[in-house]
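Asks: When you get a sec, could you give me coordinates for this:
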Amino acid sequence: MPPKADKAAAVTAEESTGYGIQYTQWNRPPPRFDGEVKKWPIWCQRFQNHCTRIGTDHVLEGKEVDDETEAMRHKKMVHMDLLECLDDQSVNLIKHVKDKDGAKCWKILVAHFEGSCEDKVNATIKEFGNLKMGEEESMAEYIARADNIKEIFVNNSVLLDDKFII
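Replies: Presented below is the predicted three-dimensional model:
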């Protein structure tokens, strides 16, 4: 948590300029997420960094804290930050979580986005292994299909062994 002097300085700076909120290292907003699966890993890391900065990273990691009231406060903070930074479709995934539990919300998001990333990559690897030009398919269609597979690999940072490429 920020030292009391820094909090006071942030409030003073916020009120003194007349140009809106002046962010310090302690009061930055959470990073925005637009719901694109391919951007999940990068956003996930940024959100974890945000939670580390404000002292709520233990909620994401599932670690228990000795002080129960502090733990609930941190879970609510993570819940509020998630609602602030997620797109509408992602908010729909977590809007029915009881008790504003940020840990449960985080688990739901991880299961949804990481599961869909892994499933898509695994299906694409299988498709790549079976990639053959169809009898009725033009060369342009075949190349377009192969290029789509390549794009999925690049977006998900997948590196294939040489045995797949031969």
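Asks: Dead centre of this protein: give me the residue that sits there.
Replies: Geometric centre of the chain, nearest residue: Cys44, 3.1 Å, by C-alpha atoms, centre = their mean.
Asks: Averaged pLDDT, the longest helix anywhere in the chain. What do you get?
Replies: Counting residues, the longest helix found in the chain (DSSP state H) is helix 102-129. Per-residue pLDDT over helix 102-129 has a mean of 80.
Asks: what's the average pLDDT for the helix or strand following that helix?
Replies: Counting by DSSP states H and E, the next helix or strand C-terminal to helix 102-129 is helix 139-155. Mean pLDDT, helix 139-155: 81.
Asks: how close does Lys76 get to Lys98?
Replies: 12 Å (C-beta to C-beta, to the nearest Å). Quick note: C-beta positions are derived from backbone N, CA and C, even for glycine.
Asks: in stretch 52-72, what counts as buried?
Replies: 54, 56-60, 71 (16 or more other C-beta atoms under 10 Å).
Asks: next one: stretch 131-145
Replies: Across stretch 131-145, burial judged by 16+ other C-beta under 10 Å covers Arg145.
Asks: what's the span of that stretch from first residue to last?
Replies: With C-alpha to C-alpha, to the nearest Å applied, stretch 131-145 spans 9 Å between its terminal residues.
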